[in-house]
Every structure is written in C-alpha cells, then in structure tokens.
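Novice: build me a model from this:
(3 chains)
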Amino acid sequence: MPLNIEAARRVQERLAGRVVFLPLPPVEIVAGLDVAYVGDTALGAAVAVRMADLSLADRACSVTKSVVPYVPTFLAFRELTPMLRAYMKLRAKPDVILVDGHGVAHPRRFGIASHLGVVLGKPTIGVAKSRLYGVEKGDVVVDPETGEVLAKVVNCGGKRYVSVGSHATLSDAVRLVEDLCRGGDIYPLKAAHDLTQVMKKAWRRGALSHDEHGDSCP
DNA sequence: GCGACAG
DNA sequence: ATCTTGTCGC
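Specialist: Numbers count the residues shown, from 1 in each chain, chains lettered A, B, ... in the order given. A predicted model of the protein is given here:
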C-alpha cells in the first residue's frame, strides 16, 4: 500500500488548523512513544513515567504489519498507528506525550507529534534528532517564509529539536524536555526506544504474539 | 534541473 | 529506521 501523497498532504493541511497552543497543565505523568521495525513488522512502545521520580507508571506495546513506506514529511502515515495502538493500551494515562519526530517544525506545520496531539486532543511534544524544515538561527529554528519560531535546539547528548505538537507552548515544552534529560537522553523516549529494541529480539525469537491477541510486551 | 529530506 | 563488532579514547 503505497501512500497517496496528494490526499495525505490535504489531510495535513486541513488538520494543521486544529493544532492548539496552550500552557502545559501540571505534569504528573509523562509518556514516551517510539517505533522500530523488523522486516515489514512495526513494533510500537509506550512508556509512562512519573515526573516526580521517573519511576515506571506503566508500559505497553503493539505489534502490527507495516504497510506504509517512509516518505519525508509524511512520517505520521507510517508510524501513527503503531504508536496509537501501544498508547491506547496504557492504563496510566499521561498528562503529556513525547514523540520521536517533529511537531509544528514541519513544512505544513503538522509533523507526527502534532498529528498525534490533534487526534488525541491532548498535549504532545516533538523531539527530533535532526532538522526537517526551517532555518537554524542560533538555538532556534525559524520558518524561512514567516520568520516564526518553530522549534528550539536543546542539548541533551547531542542536538535535539524540540517543537510543540499541540496543546502546549514552546517554552513549556522546552522546560519539560530539559527536565527529563538524563545521561545524554530524554528519559521517557530512551525508555521507549529501549523497550522497542527488546521487542525486536523477542519478535525474532518468535516470543511475541501478533497484536489483537495478548500483551505484546516482552 | 538541483539539493534537502523527522524515522 | 535498518544493515553491523570490535575498538580507540577519556
């Protein structure tokens, strides 16, 4: 199943108008989402931790068939489903979600973090390891057309481009991400990525059941 | 036409 | 993202 680029673009352009910029409510629980692949199988992981002590609040996984290819600026059409399926299994719902990828620092102001935030109608923050769109001016990324600030560069084991997904403010997003920097990684995202790697090994051993069945977490 | 291009 | 182990350096 390829990917109808024209249709996908229209979806992004329309939903981009639903992105909301609001102060981030008090965060008690924060979650990190990530997706890994083994052939055409997508392995999604969601890890929720308590802001207070970073203790594990909950975790969930998803195992689905990957059907959409990766096309720059359309990452959500490939990874949103694996992420959502894992997220929905979380019993401890987070106050905010961290996503691997950009939020509004996107050509159409609708990266995967924004897509998730609009779909769930809750706070999301995009954290990417490299730039996708915009011009880097010091520790900020601005839109070359409007000059608007789209993201801020945060240092945590290398450059991290932090942008609002939805239902958050850039300053609040940056503050939260900086607070979660541990050992050169953003804790919740590192935890989700680690879980993803454990899933890959389990999957290769045939120790993971295909989604709709059991607790696909190793 | 050429270069850029999250994961 | 994924293909892939050990090795040099602090």
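Novice: all contacts plus neighbour counts: C-alpha atoms, from now on.
Specialist: Fine.
Novice: spell out which parts of chain A neighbour DNA strand B.
Specialist: A:34-35, A:70-76, A:100-103, A:106, A:110-113, A:128-133 (Cα under 7 Å from any atom of the strand).
Novice: which ones, among the residues you listed, also lie beside DNA strand C?
Specialist: Okay, of the residues of chain A next to DNA strand B touching DNA strand C (Cα under 7 Å from any atom of the strand), that's A:V35.
Novice: just give me the longest helix of chain A.
Specialist: Using DSSP state H, we find that the single longest helix of chain A is helix A:187-204.
Novice: name the helices or strands packed onto it?
Specialist: strand A:29-38, strand A:41-50, strand A:96-100 (3 or more Cα pairs under 8 Å, 6 or more residues apart in numbering; DSSP states H and E).
Novice: what's the first helix or strand after the second one?
Specialist: This points to strand A:41-50. Next along the chain after strand A:41-50, taking DSSP states H and E as the criterion, comes strand A:56-65.
Novice: show me what counts as buried in that next one.
Specialist: A:57-64 (16 or more other Cα atoms under 10 Å).
Novice: quick one: the next helix or strand after it to chain centroid distance?
Specialist: Of the helices and strands lying after strand A:56-65 in sequence (DSSP H and E), the nearest is helix A:76-87. Mean-position distance between helix A:76-87 and its chain equals 9 Å (Cα atoms, centre = their mean, to the nearest Å).
Novice: which positions in the longest helix of chain A come out as buried?
Specialist: Applying 16+ other Cα under 10 Å to helix A:187-204 flags A:187-193, A:195-197, A:199-200, A:202-203 as buried.
Novice: near DNA strand C too, which of those residues?
Specialist: A:Q197.
Novice: closest one to DNA strand B out of the buried residues of helix A:187-204, please.
Specialist: The shortest approach to DNA strand B among the buried residues of helix A:187-204 belongs to A:H193, at 8.8 Å (Cα to the nearest atom of the strand).
Novice: let me know whether the closest one touches A:A45 as I believe.
Specialist: Yes. A:H193 is in contact with A:A45 according to Cα atoms under 8 Å; the separation is 7.4 Å.
Novice: joint contacts of these two?
Specialist: Shared contacts of A:H193 and A:A45 (Cα atoms under 8 Å, 6 or more residues apart in numbering): A:33-35.
Novice: no further questions, thank you.
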